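**Q** The following comprises the amino acid sequence and a computationally predicted model.
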Amino acid sequence: MADTAQAHRLTLALDQGAETGVGDHGGMSDTATILDRPKRLRRGLFRLWLVLSAVFVLAVGWSYFDAVRTEFDRAELLYKMGHDRALLPMECNKARGIEDKDYTRAQPSHGELYRLRPNQPTCWYTPDKLRVLYPEYATMGDVALAQKLFAATGIPLQKAPAPFALGLRVALLAIGAPLLVLALGTGLLWAIGGFLRER
């Protein structure tokens, strides 16, 4: 009976040791699992960042696609117009020269670039012809002259198209934002790791 009771107590002790990780390799296994948790956490967060970054890039591309395409279309239109065909406005009551020879009352075909108001009494000159008929503008640069005349006639002149600048800003947003999140997340995990004590 004594031997049977002692064997029973030994069996219970072995079972308790197995449950608490005390035994042949139980303690080492639990320790390895605890130490491996930060690695698995970092690996999981990195994969999550990859997925969310891909979704963000696609969303940015979808949102800005029309805007970038429009800028390229406007730039192509201006290129096809050529500098010699660009027209500058002048109030018709101040017009000089001969109509249909030196200037025209018809709105230019590229009016969508200038956002013209319909039936506005405006006469249109080529830059070279305008400088000949208006010597006071002969020494003024193209940009300054255009800004002055469009402002004087009350026609809002749109900014010149800049498709590559807009495309670069979109690319920086699509790529830079995920990289910034990655840098901040890595720094945050590194800082939090300094407060945790490995077992």
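**A** Perfect, I can see it now.

**Q** how close does residue 98 get to residue 46?
**A** Separation of residue 98 from residue 46 (Cβ to Cβ, to the nearest Å) stands at 73 Å. C-beta coordinates here come from the backbone N, C-alpha and C atoms, glycine included.

**Q** who's more crowded, these two?
**A** residue 46 (12 against 9; other Cβ atoms under 10 Å).

**Q** Which pLDDT does the model give the more buried one?
**A** Looking at residue 46, its pLDDT reads 89.

**Q** Would you mind measuring from it to residue 74?
**A** 41 Å.

**Q** Could you do residue 142 as well?
**A** 18 Å.

**Q** all strands for the chain, in order.
**A** Ranges of strands within the chain are 88-91, 122-125, based on DSSP state E.

**Q** export those to TSV and tack on distance to residue 62?
**A** Formatted as TSV, the strands of the chain follow (distance: least, Cβ to Cβ, whole Å):
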stretch	distance to residue 62
strand 88-91	38
strand 122-125	39
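
**Q** Need the winner for burial among the ones you listed.
**A** Comparing those by mean neighbour count (mean count of other Cβ atoms under 10 Å), strand 122-125 comes out on top with a mean of 23.
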